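> Prediction below, plus the sequence it came from.
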Amino acid sequence: MQISPIPTLDEETNLLREMTAKIVAEKIIPQEHLLTRGSESTELWAELQQAVKDSGLWAPHLPEEYGGMGIGFLKLAYMNEILAWSPFSNPIFGIMAPNSGNQKILVKYGTAEQKKRWLEPLTRGEMQSCFAMTEPDNPGSDPRSLQTRAVREGDEWVINGHKWMASNAKRADFAIVMCRTEDASDADVNGRMTQIIVPCDTPGFNYIRSVPIWGHSNGHHGELILEDVRVPLENALGRAGSGHAAAQDRLGAGRVYHCMNCVGQMWRAFDMMVRRAMDREVHGGVLSEKQFIQGFIADSYMDIQASRLMTIRCAEIMEAGQDARTDISAIKIFVPAALSRVADRAIQVHGALGVSSEIPLEGMYRGARTLRLADGPDEVHKILIAKNVLKRYASGQSWDFGI
Ligand SMILES: Cc1cc2nc3c(=O)[nH]c(=O)nc-3n(C[C@H](O)[C@H](O)[C@H](O)COP(=O)(O)OP(=O)(O)OC[C@H]3O[C@@H](n4cnc5c(N)ncnc54)[C@H](O)[C@@H]3O)c2cc1C
């Protein structure tokens with residue numbers, strides 16, 4: 001990994017990039033093969049996490065008062081680009097989905113008591129969590145259709161529903177459950193949702209199974225049945241009816257991080273592809289001399305630079321506190337598709353090794369495909385882009401491409 005300072009960035013951001021790259025390139029990537037050995041690798045994980053903490057780079061997504069680095073949105077985006085060179089970096093740096101998303105929501109919507117009880121132990125790594133929104137019988141891409149209900153009875157919520165795909169559910173101590181509550185008016189469809197914190201050992205909270213994804217169950221994407229689950233009213237996150245807004249907060253920022261992670265993965269795939277092309281001799285010459293392969297390199301370079309600029313621009317809009325919804329949708333469609341193409345070409349250049357689990361390319365490819373439907377499918381984001389553009393023109397304006 002070769003990272004020079006970017007002249008247009010401030011010194012602090014460049015230093016952050018350099019320090020992150022040092023750990024990822026020197027400590028994580030060379031030991032990737034040792035990090036997948038279950039309990040045998042526990043010590044190594046702890047050692048690397050300690051190295052990150054000693055460098056002051058732990059939990060960059062959280063404010064300092066909650067044990068994080070307290071850096072802004074843009075700095076984290078630049079850091080993500082480097083972290084994503086290894087699939088192990090994010091957890092080693094204290095960012096583990098869905099805990100990281102839950103932490104951000106608890107920071108923004110949690111009461112002092114909720115922060116003490118759930119956020120602090122989550123950040124210290126003493127607890128695990130999951131986020132349960134999607135349901136098998138209702139379209140997740142239209143969250144207003146969700147049917148899990150929470151009804152007030154005395155000073156408790158009583159929750160009934162069926163969820164699935166709740167990542168990390170098997171290990172979770174608590175779930176943030178998206179529930180339909182009936183407080184809002186019929187006209188306010190989004191206002192009917194509330195996110196409620198449910199400890200996973202509450203009677204009636206039934207973990208059914210881990211849904212295998214691409215043949216693996218290690219993501220613990222849980223199917224859950226909630227039967228008369230009772231939790232105190234104060235377990236609601238934010239005011240009743242704010243669940244939809246909280247989900248948008250979580251997903252909006254998360255999508256930018258996912259895309260910057262995609263860019264980092266593309267750089268790694270590109271680096272692997274170019275090195276392999278220069279080393280591998282086939283039919284009387286190295287692969288890098290063949291024009292088909294040169295085409296792969298050129299197309300991948302363009303995919304990466306286009307994705308990177310789009311994502312940084314979107315992060316800049318967010319950092320400026322402006323409305324980034326159209327750009328978030330644009331990167332959410334474009335960038336995972338670009339990663340799919342780049343990983344695909346890198347796999348092709350590696351031949352059988354490319355689809356083996358000996359190297360990270362097949363994982364990138366599967367991840368990129370999954371991202372095209374998770375966190376809002378492509379079609380929904382395209383509709384949103386067109387809607388925002390058309391709305392602007394209908395109000396007599398044209399698209400402002402200033403920032
Ligand atoms: C690996 C993984 C991890 C996940 N983790 C979590 C988690 O932790 N918590 C959680 O709650 N959920 C999680 N999910 C669920 C994910 O968020 C949903 O799968 C996603 O929101 C899509 O919902 P759905 O699967 O119900 O698809 P549906 O809503 O049924 O959509 C199916 C397809 O319909 C099409 N479509 C939808 N709307 C339109 C439209 N308006 N016009 C045209 N076509 C349309 C799209 O092609 C879409 O892919 C995870 C999913 C995966 C794969």
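Cool, the structure landed.

> any idea how far residue 257 is from residue 100?
8 Å (C-beta to C-beta, to the nearest Å). Bear in mind the C-beta positions are built from the backbone N, C-alpha and C, glycine included.

> Find residues that contact each of these two.
Common contacts of residue 100 and residue 257, defined by C-beta atoms under 8 Å, 6 or more residues apart in numbering, comprise residue 61.

> end-to-end on stretch 389-399?
Distance between the boundary residues of stretch 389-399 (C-alpha to C-alpha, to the nearest Å) amounts to 7 Å.

> what distance separates it from the centre of its chain?
Distance of stretch 389-399 from its chain centroid, counting by C-alpha atoms, centre = their mean, to the nearest Å, is 31 Å.

> Going by neighbour count, list what's buried in it.
By neighbour count with 16 or more other C-beta atoms under 10 Å, stretch 389-399 contains no buried residues.

> residues in contact with it?
By C-beta under 8 Å, 6+ apart, stretch 389-399 touches residue 326.

> cutoff 10 Å now
With C-beta atoms under 10 Å, 6 or more residues apart in numbering as the test, stretch 389-399 has contacts from 326, 388, 400.

> out of those, who has the most neighbours?
residue 326 (18 neighbours; other C-beta atoms under 10 Å).

> isn't that residue right up against residue 382?
No. Contact criterion C-beta atoms under 10 Å: residue 326 and residue 382 do not qualify, at 11.1 Å.

> sorry, back to before: in helices, which of the contacts of stretch 389-399 fall?
Those of the contacts of stretch 389-399 mapping onto helices are 326, 388, per DSSP state H.

> which residue ranges form the strands in the stretch 51-200 of the chain?
129-132, 149-153, 156-166, 174-180, 193-199 (DSSP state E, counting those that start in this stretch).

> which one of those strands lies closest to residue 138?
Of all the strands of the stretch 51-200 of the chain, it is strand 156-166 that lies closest to residue 138, at 9.0 Å by C-beta to C-beta.

> How far away from the center of its chain is the closest one?
Per C-alpha atoms, centre = their mean, the centroid offset for strand 156-166 relative to its chain is 23 Å.

> Direction included, what does that strand pair against?
Sheet pairing of strand 156-166 (DSSP bridges) gives strand 149-153 (antiparallel), strand 222-232 (antiparallel).

> Comparing those strands, which comes out most buried?
Most buried of those, by mean neighbour count (mean count of other C-beta atoms under 10 Å): strand 222-232, with a mean of 19.

> Show the average pLDDT along that one.
Averaged across strand 222-232, the pLDDT comes to 98.

> Then stretch 152-169?
96.

> Alpha carbons of it, in CSV - could you do that?
The C-alpha trace of stretch 152-169 is given here as CSV (Å, rounded to 0.1, in the frame of the first residue of the first chain):
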residue,chain,number,x,y,z
ARG,A,152,-48.4,-0.1,25.5
GLU,A,153,-49.7,-1.9,28.6
GLY,A,154,-49.3,0.0,31.8
ASP,A,155,-45.6,0.9,32.0
GLU,A,156,-44.5,-1.7,29.5
TRP,A,157,-44.3,-2.3,25.7
VAL,A,158,-45.6,-5.7,24.6
ILE,A,159,-44.0,-6.7,21.4
ASN,A,160,-45.1,-9.3,18.9
GLY,A,161,-43.5,-10.0,15.5
HIS,A,162,-41.2,-12.0,13.2
LYS,A,163,-37.8,-10.6,12.1
TRP,A,164,-35.0,-12.0,10.1
MET,A,165,-31.5,-11.1,8.7
ALA,A,166,-30.7,-9.4,12.0
SER,A,167,-26.9,-9.6,11.7
ASN,A,168,-24.9,-10.7,14.9
ALA,A,169,-28.2,-11.7,16.6
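
> Run the contact check for that stretch versus the ligand.
Yes. Residues of stretch 152-169 are located near the ligand by C-beta under 6 Å from any ligand atom, namely 165, 166, 167.

> my read: the last one touches residue 221, true?
Yes. Here residue 167 lies in contact with residue 221, judged by C-beta under 10 Å, at a distance of 5.2 Å.

> any residues in contact with both of these two?
130, 210, 211, 213.

> when you check the ligand, which of the residues you listed turn up near it?
Applying C-beta under 6 Å from any ligand atom to the shared contacts of residue 167 and residue 221, one finds that residue 213 fall near the ligand.

> ok, how many other residues are close to residue 162?
For residue 162, the count of nearby residues is 18 (other C-beta under 10 Å).

> Residue 155 versus that one, what's the distance?
Here the distance between residue 162 and residue 155 works out to 26 Å (C-beta to C-beta).

> for residue 303, same thing?
Residue 303 sits 55 Å away from residue 155, taking C-beta to C-beta as the criterion.

> Which one of the two is surrounded by more residues?
Taking neighbours as other C-beta under 10 Å, residue 303 and residue 155 compare with residue 303 leading, 22 against 8.

> Export the strands of the stretch 51-200 of the chain as a markdown table, with columns for distance to residue 340.
Shown next, in a markdown table, are the strands of the stretch 51-200 of the chain (distance: least, C-beta to C-beta, whole Å):
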| stretch | distance to residue 340 |
| --- | --- |
| strand 129-132 | 25 |
| strand 149-153 | 38 |
| strand 156-166 | 21 |
| strand 174-180 | 29 |
| strand 193-199 | 32 |
